[in-house]
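Visitor: Sequence first, predicted model second:
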Protein chains: 2
Amino acid sequence: MSLAKPPHVGSFFGQSVIALAERLRAGSLTSVELTQAALDSIERLNPTLNAFVHVDAPVALAQARKADELFAQGLDLGPLHGIPVAVKDNIDTFDHVTTYGSAHFAGFKPSRDALCVQRLREAGAVIVGKTLTHEFAYGPTGDRSLQGAARNPWDARCITGGSSAGSAAAVASGMVPLALGTDTGGSIRIPAGLCGVVGFKPSFASVPLEGVFPLSSSLDHVGPIANHVEDARLLFEVVAGRVCAPMANPRPLRVGWITTGSFGPVDAELDRQVYQAAQQLFGEALQDAAELVPLAAEMKDTLLVLQRAEAFDVHAERMQDAPHTFEQEVRERLELSREVRGWQYIRAQSSQVRLKAAMARLFEHYDFLVSPSVPITATAVDAREVRVGEQDIDVRAALLSHTSAWNLTGLPAISLPVGLLRGMPVGLQVIGAAGEDDRLLRVMAQRFVRD
Amino acid sequence: MSLAKPPHVGSFFGQSVIALAERLRAGSLTSVELTQAALDSIERLNPTLNAFVHVDAPVALAQARKADELFAQGLDLGPLHGIPVAVKDNIDTFDHVTTYGSAHFAGFKPSRDALCVQRLREAGAVIVGKTLTHEFAYGPTGDRSLQGAARNPWDARCITGGSSAGSAAAVASGMVPLALGTDTGGSIRIPAGLCGVVGFKPSFASVPLEGVFPLSSSLDHVGPIANHVEDARLLFEVVAGRVCAPMANPRPLRVGWITTGSFGPVDAELDRQVYQAAQQLFGEALQDAAELVPLAAEMKDTLLVLQRAEAFDVHAERMQDAPHTFEQEVRERLELSREVRGWQYIRAQSSQVRLKAAMARLFEHYDFLVSPSVPITATAVDAREVRVGEQDIDVRAALLSHTSAWNLTGLPAISLPVGLLRGMPVGLQVIGAAGEDDRLLRVMAQRFVRD
């Protein structure tokens, strides 16, 4: 599927990490050149897009030189060796300020790397900087943080979506070919969908969360944002600390289209476009999956209770001692979060167990489920209502509506860029069975080709 | 240690199940005779003590006849075969009304036995009836239930303590030689202590809870009330479905006396008496354990949060639909319970994990910890304040103060009757390391002899 170019384009727009890795090994490119290209693109585009909140050129170039030296010594750390990567600013890095998007942590420098960052470094990746996160990753718009709003490369008046706002903008604009994000209710897939890149939320607990600032411990995930599914797989393999199994003998797929409306209103034109993309990808295998309709409300309610209680647990002292240091909208969410009752949390925990079991039964009949990643295209920065069909709906609820169920149930889910609607990207979400990350990545890498 | 007799005494006062079991096998007694003796004692004493809330003589005698027939056929189901046993009314029995002490379940007949009752039956025990529980086991006094208050055999104006009120009164008065209770904050050990019998709360999850009405899923335990430690062990073995390991080679004990006051005010005379009993039991092995002082407050707070949130989860619909069907004091507790916040529950869960780990470290230095089971003797029915030293303290808080930490940490703990103070029984609590139920029972059976 072909995408036009956004108005704001850097060196790595649409570039494949696999191709870059080949050129590094062929000697036609160096990591220093790649890193300099990333730094140049950031310098040129970031004032408009606000994707990066911290870049340290000397540190990045030193890493790149080290990567080149290792190549020169005949040492090869794997496919990410020498590749510039961006890291979301809610993930600890010992050599970059890490603010979690909040004034509470202005200027904070963690003492050590998150485990996923450590793995990235061990794989030879060059960490060029930290990307904007919605404050404490607690918001799907990506426009409220210590560093303001990230801007969509396709239209800088619009949001990127969040909370991995800067990571999506950085890859979508081509500042870097690869970025790390986190996803608690859709925070990788939403901005990937709205910015026109690939975003992958792995199975729950497949990537360690040590050193990632928590939002909601039963829903948090770490994963990649990339131009291509194969690139997302490479980054996933590194941070998960394992290699994906090769594709087993192909068997006929059974793919369920989640009945439109199951998870709330969808822009009709966007829905049609995503459905057509799904038909192109899966053909005859695509069938209607109406089974989620009766579960959707419980899924949404359950996630909300878990997320709220767990988020307030993280922030209780800050809400007590310095509530006005939070951005106002985040503070309002936390005030609501405080009110969740213990017995409701207990019930939500039981619900989560039940719903995971229900999904296991459902996936006996499907290999994948598909839906739009987000039921709307990117809205204006700071807009909180949007017209869909005949009704005005809440932007934040709409953004999260199609992704959060897969955080609750911990299933792997990927957002693929499948075209533009009124000039803005549209994403298709494909959800796999529990633990079947490898299969989802392998099949989608084979079937989904971005021109 | 010698105990006088209470004014209300039935056939089994002070009797040993092991001795009864020998006589059954020698043919000098039948199960029908034992059961009839229990029924006669109940008929005589229960109008005063209100220990049993449901007794079905024909059903009990039929079980006894069956037990005798099996003996006659040469079949021996083990040490409880033919022994009359009482079961707390929050434990399901298919052949007895089971009210959970509440008007919400007046006349309720469960469709099947709790798993622990099923195991009792398979061991040949004769279930003579159901004993009074504080409503939904949610209270340590045993004087608020659908069936009113249980009365202390040593002074019928006084409480038995709860919530296993009827089970303790039934054994302490000698209506039956053995009873099953449950313990969420001390509900076996408190009435055992106040009534002058042995009460054992096993390690968490060592006895299955299927068919036991929940109070608080992370704190609930099932266990025995008996005249002798050996009898408690026999009942524990049956309901736990395993035989306790024989005592390993004796090694010198290290026993920690929990610093007086660690868990709140204690009657000074009672404290002295319990300490002397501990010295008699453990001699030189007894040393001062001050390590709990800094943990006690967190233990108490944590238990309260878990118990409240989990209790409200159980009763939310009843509190919504029919709040006035609850006894007033229980309703007031549930109203407080509703207010626990989700984030507080999450922290309490983490605290529980931390405190269990702290106990594991502490028990590297001790084999047992000891304290009074209850810091006061039985108070008057319905009294809610009691003078201890110079201060008036809350009866319910005092009753729970020394037992609840061992529900939170899941450690095995036994209450032993060690004498009378102003005519009312006093209990010594011995706490074992995690999972060391067998050792606790074996050592205490050897050292503690009730005259």
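Guide: Now that the structure is in, tell me what you want to look at. Since the structure is predicted, the reported quantities are computational estimates derived from the model, not experimental observations. Numbers count the residues shown, from 1 in each chain, chains lettered A, B, ... in the order given.
Visitor: ok, so what distance separates the residue in the stretch 51-200 of chain A that chain B sits nearest to from A:Val330?
Guide: Proximity of the stretch 51-200 of chain A to chain B (Cβ to the nearest Cβ) peaks at A:Tyr138, 14.0 Å away. Where C-beta positions appear, they are placed from N, C-alpha and C, glycine not excepted. Between A:Tyr138 and A:Val330 the distance, using Cβ to Cβ, to the nearest Å, works out to 5 Å.
Visitor: Repeat that for A:Val55.
Guide: Distance from A:Val55 to A:Val330, by Cβ to Cβ: 25 Å.
Visitor: helix, strand or coil for A:Gln307?
Guide: Of the three states, A:Gln307 takes helix according to DSSP: H, G, I helix; E, B strand; the rest coil.
Visitor: Enumerate every residue touching the residue lying closest to it once chain neighbours are set aside.
Guide: Once flanking residues are discounted, A:Gln307 sits nearest to A:Ser216: 4.3 Å by Cβ to Cβ, 6 or more residues apart in numbering or on different chains. Applying Cβ atoms under 8 Å, 6 or more residues apart in numbering or on different chains, we find A:Ser216 in contact with A:Thr184, A:Leu306, A:Gln307, A:Glu310, A:Ala311.
Visitor: Got the confidence number for A:Pro250?
Guide: For A:Pro250, the model assigns a pLDDT of 73.
Visitor: Contacts only, for the residue in chain A sticking out farthest from the centre.
Guide: Taking Cα atoms, centre = their mean as the measure, the residue most remote from the mean C-alpha position of chain A is A:Gln73, 35.3 Å away. Not one residue lies near A:Gln73 by Cβ under 8 Å, 6+ apart.
Visitor: Can you give the contact residues for stretch A:293-305?
Guide: Residues contacting stretch A:293-305 (Cβ under 8 Å, 6+ apart): A:185, A:219, A:259, A:262-263, A:340, A:344-345, A:347-348, A:351-352, A:355, A:358, A:401, A:404-405, A:407-409, B:342.
Visitor: Let's see that with 6 Å instead.
Guide: A:Thr259, A:Ser262, A:Phe263, A:Val340, A:Gln344, A:Ala348, A:Ser351, A:Gln352, A:Leu355, A:Ser404, A:Ala405, A:Leu408 (Cβ atoms under 6 Å, 6 or more residues apart in numbering or on different chains).
Visitor: between A:Tyr138 and A:Val330, who's got more neighbours?
Guide: Higher neighbour count among A:Tyr138 and A:Val330: A:Tyr138, with 31 against 21, using other Cβ atoms under 10 Å in any protein chain shown.
Visitor: what's the distance between the more buried one and A:Asp301?
Guide: A:Tyr138 is 18 Å from A:Asp301, by Cβ to Cβ.
Visitor: Which residues does the one helix or strand A:Arg354 maps to contact?
Guide: Assigned by DSSP states H and E, A:Arg354 belongs to helix A:342-362. Defining contact as Cβ under 6 Å, 6+ apart, one finds that helix A:342-362 is touched by A:291, A:299, A:302, A:305-306, A:309, A:408-409, B:309, B:312-313, B:316, B:340, B:342, B:345.
Visitor: just to revisit the earlier point, and the contacts of stretch A:293-305, which of them are buried?
Guide: Among the contacts of stretch A:293-305, those classed as buried by 16 or more other Cβ atoms under 10 Å in any protein chain shown are A:Ser262, A:Phe263, A:Val340, A:Gln344, A:Ala348, A:Ser351, A:Gln352, A:Leu355, A:Ser404, A:Ala405, A:Leu408.
Visitor: contact partners of the helix or strand encompassing A:Val59?
Guide: With secondary structure defined by DSSP H and E, A:Val59 is part of helix A:57-72. Contact with helix A:57-72 is made by A:Thr30, A:Ser31, A:Val32, A:Thr35, A:Leu39, A:His81, A:Gly82, A:Asp95, A:Gly124, A:Val126, A:Val128, as judged by Cβ under 6 Å, 6+ apart.
Visitor: What is the burial count for the fourth one?
Guide: Look at A:Thr35: counted by other Cβ under 10 Å, it has 26 neighbours.
Visitor: Please apply the same query to the second one.
Guide: When counting by other Cβ under 10 Å, one arrives at 27 neighbours for A:Ser31.
Visitor: what residues are up against it?
Guide: A:Ser31 touches A:Ala64, A:Ala67, A:Asp68, A:Gly82, A:Val126, counting by Cβ under 6 Å, 6+ apart.
Visitor: 7 Å instead, please
Guide: Contact analysis of A:Ser31 by Cβ atoms under 7 Å, 6 or more residues apart in numbering or on different chains lists A:Leu24, A:Ala64, A:Ala67, A:Asp68, A:Gly82, A:Val126.
Visitor: hey, where'd the helices end up in the stretch 1-150 of chain A?
Guide: Along the stretch 1-150 of chain A, the segments classed as helices by DSSP state H, counting those that start in this stretch run A:17-26, A:31-49, A:57-72, A:115-122.
Visitor: Run the chain-centre distance for the third one.
Guide: Its chain's C-alpha centre and that of helix A:57-72 lie 27 Å apart, by Cα atoms, centre = their mean, to the nearest Å.
Visitor: Equivalent analysis for the last one, please.
Guide: Computed by Cα atoms, centre = their mean, the separation of helix A:115-122 from the middle of its chain amounts to 18 Å.
Visitor: Next, the buried residues of that helix.
Guide: Under 16+ other Cβ under 10 Å, the buried positions of helix A:115-122 are A:Leu115, A:Cys116, A:Val117, A:Gln118, A:Arg119, A:Leu120, A:Arg121.
Visitor: now do the third one
Guide: Within helix A:57-72, the residues scored as buried using 16+ other Cβ under 10 Å are A:Ala57, A:Val59, A:Ala60, A:Leu61, A:Gln63, A:Ala64, A:Lys66, A:Ala67, A:Asp68, A:Leu70, A:Phe71.
Visitor: Reformat these as JSON lines; add pLDDT and distance to B:Gln280.
Guide: Output for the buried residues of helix A:57-72, formatted as JSON lines (pLDDT from 0 to 100; distance: Cβ to Cβ, whole Å):
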{"residue": "A:Ala57", "pLDDT": "97", "distance to B:Gln280": "77"}
{"residue": "A:Val59", "pLDDT": "97", "distance to B:Gln280": "71"}
{"residue": "A:Ala60", "pLDDT": "98", "distance to B:Gln280": "74"}
{"residue": "A:Leu61", "pLDDT": "98", "distance to B:Gln280": "77"}
{"residue": "A:Gln63", "pLDDT": "98", "distance to B:Gln280": "71"}
{"residue": "A:Ala64", "pLDDT": "98", "distance to B:Gln280": "76"}
{"residue": "A:Lys66", "pLDDT": "98", "distance to B:Gln280": "72"}
{"residue": "A:Ala67", "pLDDT": "98", "distance to B:Gln280": "74"}
{"residue": "A:Asp68", "pLDDT": "98", "distance to B:Gln280": "79"}
{"residue": "A:Leu70", "pLDDT": "98", "distance to B:Gln280": "73"}
{"residue": "A:Phe71", "pLDDT": "97", "distance to B:Gln280": "78"}
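Visitor: hang on, the earlier thing: lowest-confidence entry in the contacts of helix A:57-72?
Guide: Within these, A:Asp95 has the lowest pLDDT, namely 94.
Visitor: How about the contacts made by the residue nearest the centre of chain A?
Guide: Note on chain A: the residue nearest the mean C-alpha position is A:Ile188, at 1.4 Å, using Cα atoms, centre = their mean. When contacts are counted by Cβ under 7 Å, 6+ apart, A:Ile188 is found next to A:Ser164, A:Gly181, A:Thr182, A:Gly199, A:Phe200, A:Lys201, A:Gly223, A:Ile225.
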